[in-house]
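**Q** what follows is a predicted structure for the sequence shown.
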Amino acid sequence: MRTYVWTFVGLLALTALTFGLSFTSLGEWNIVIAMVIALAKSLLIALFFMHLIDHKVSSRTAIAAAVALAACLVAFSYLDVETRGAASGGGNSSRISTRSDPPPPAPLGPGERAAEH
């Protein structure tokens, strides 16, 4: 029971740290620090609440493989978004256009009339 209480206190402390981080401006480091805190919280839950700390090595290996594959999924998704349009020389095409003029109106269909103001 003591282990659960200390794990819960650790989770509360990490949650408070995440909340405090939301009020700071560290630039691109905000997401990195938030992900490290989230990883620490998930490890606490997996090791103590899910009792993985007591399991055999084969279970730990399976969990490590799953975490590694999830990390690859996140990394490749990030690379996909960051390199869109790079092959055509257009830079990152996923950015929102800053063009200020509105798009042209859609063509009218048969029998439609333009709205009069």
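**A** All right, it came through fine.
**Q** please enumerate the helices of this protein.
**A** Using DSSP state H, the helices of the chain run over residues 2-21, 29-44, 57-82.
**Q** pLDDT below threshold where in this structure?
**A** Within the chain, the stretches with pLDDT under 70 are 87-100, 114-117.
**Q** one step back: okay if I get the helices of the chain as a markdown table plus mean neighbour count?
**A** The way it works is simple: take the backbone N, C-alpha and C, and place the C-beta from them, glycine included. Listed next are the helices of the chain as a markdown table, based on neighbours: other CB atoms under 10 Å:
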| stretch | mean neighbour count |
| --- | --- |
| helix 2-21 | 12 |
| helix 29-44 | 13 |
| helix 57-82 | 10 |
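**Q** make JSON lines out of those and add distance to M50.
**A** Conversion of those to JSON lines gives the following (distance: least, CB to CB, whole Å):
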{"stretch": "helix 2-21", "distance to M50": "11"}
{"stretch": "helix 29-44", "distance to M50": "10"}
{"stretch": "helix 57-82", "distance to M50": "9"}
